[in-house]
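[1] Provide a 3D model corresponding to the input given below.
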Amino acid sequence: MVDLHTHTNKSDGTYTPRELMDYAVQKGLKAIAITDHDTTDGIDEAFDHIREKNLLLELIPGTEFSTVWQMEEREQEIHVVGLFVDYKQDAYAAHLKGYIESRVVRNRKMCELLTQAGMPVTPEALEEANPGAVITRAHFGRYLLEQGYVRTRKEAFDRYIGEGCPCFIPRRKVTPFEAVRVILHAGGVPVLAHPMLYHLTEEELRRLAREMKEAGLVGIEALYSTHTREEERLIRRIAKEYDLCVSGGSDFHGANKPGLDLATGYGSLFVPDDILETLRQHKGKQGNR
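    This is a model prediction of the structure:
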């Protein structure tokens with residue numbers, strides 16, 4: 001059993017990289033991918049911990065990119081996971097730095113809007129509460145909850161910081177096709193993350209898969225914590241139609257996603273080892289694309 005989509009406290013998870021490795025062993029995982037948002041800061045720490053404790057666990061370096069797909073009538077946020085990336089490559093690190101800087105600019109503007117709305121928050125306060133993390137909207141939601149401005153994190157997103165809400169600011173627009181190319185250039189394997197969460201029609205989803213495949217997409221997450229069996233079958237059909245590998249992961253965030261566990265999601269998720277082995281065959285093959 002493997003889990004190819006997880007987060008640590010270096011982005012919006014609550015487990016440290018070391019804690020996540022220990023938990024992966026406890027859960028009986030053969031391999032795990034750390035796919036923090038726009039950062040690889042936790043990967044060295046995780047590798048060090050595996051070596052220090054002689055853990056029987058394979059760690060796959062990864063990243064999750066937030067991108068924007070321009071459709072005819074709207075823009076749609078799309079996430080792309082990169083697996084097996086050469087995270088020490090200078091060009092890859094430079095791309096991530098640019099993404100992080102765009103988050104910093106966005107976060108400052110959101111702090112200003114929230115403060116104007118009567119909910120004072122500063123970038124410094126968020127950074128102090130989440131040392132070393134790439135600040136995402138999940139951190140905003142938790143902060144608003146802890147300060148008593150909202151009753152739940154869902155309310156924070158629904159009323160203030162969700163897309164289209166008064167305090168929402170979009171980030172620099174990176175397309176999913178750009179993310180695919182960046183991942184390929186770093187020798188990685190690009191995967192379309194949680195495709196059913198975008199609420200696209202089947203026709204739109206097929207179009208996205210086709211266009212991303214043309215850009216070099218290798219895989220698509222059919223096995224995911226919230227996918228029903230019917231949804232999984234649909235994604236598997238699309239994967240077969242566009243010659244994409246099937247991937248899978250829990251999208252584990254620790255306490256930031258209550259009830260969603262590593263490896264098993266909400267209880268029925270299971271990602272077999274052969275999923276990883278199929279994806280591994282594409283590692284580094286398109287680095288010069």
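
[2] need the three-state assignment for the residue positioned nearest the centre of the chain.
    For the chain, the residue sitting closest to the mean C-alpha position, by Cα atoms, centre = their mean, is residue 64 at 3.6 Å. Judged by DSSP: H, G, I helix; E, B strand; the rest coil, the three-state class of residue 64 is strand.

[3] without its sequence neighbours, what residue ends up closest to it?
    residue 35 (4.5 Å; Cβ to Cβ, 6 or more residues apart in numbering). To be clear about C-beta, it is placed using only N, CA and C from the backbone, and glycine gets the same treatment.

[4] residue contacts, the one you found?
    4, 5, 6, 7, 62, 63, 64, 81, 82, 83, 249 (Cβ atoms under 8 Å, 6 or more residues apart in numbering).

[5] and the last one, how many neighbours?
    By the other Cβ atoms under 10 Å criterion, the neighbourhood of residue 249 contains 30 residues.

[6] who does it bridge with?
    With DSSP bridges applied, residue 249 shows beta-bridge pairing to residue 224.

[7] who touches it in this structure?
    Here residue 249 is in contact with 3, 4, 5, 6, 33, 35, 81, 221, 223, 224, 271 (Cβ under 8 Å, 6+ apart).

[8] narrow these to those in helices?
    Judged by DSSP state H, these include no members of helices.

[9] which pair in those spans the largest distance?
    Using Cβ to Cβ, the pair of the contacts of residue 249 lying farthest apart is 35 and 223, separated by 14.5 Å.

[10] which segments of the protein make up each domain?
    Taking automatic domain parsing as the criterion, the chain consists of the domains 2-98+173-280, 102-161.

[11] hey, which of these is tucked in deepest?
    domain 2-98+173-280 (a mean of 19; mean count of other Cβ atoms under 10 Å).

[12] regarding the residue of the chain positioned farthest from its centre, what is its secondary structure?
    Here the chain reaches farthest from its C-alpha mean at residue 118, the gap being 30.9 Å by Cα atoms, centre = their mean. State at residue 118, reduced to three classes by three-state DSSP: coil.

[13] what's the separation between it and residue 78?
    33 Å (Cβ to Cβ, to the nearest Å).

[14] and residue 70, bridged to which residues?
    residue 75.

[15] residue 174 is in contact with that one, correct?
    No - contact criterion Cβ atoms under 8 Å: residue 70 and residue 174 do not qualify, at 11.3 Å.

[16] and the contacts of residue 35, which is closest to residue 24?
    residue 6 (8.2 Å).

[17] need the contact list for the nearest residue to the closest one once chain neighbours are set aside.
    Nearest non-adjacent residue to residue 6, counting by Cβ to Cβ, 6+ apart: residue 252, 4.4 Å away. Listed by Cβ under 8 Å, 6+ apart, the contact set of residue 252 reads 3, 5, 6, 7, 13, 20, 260, 261, 262, 263.
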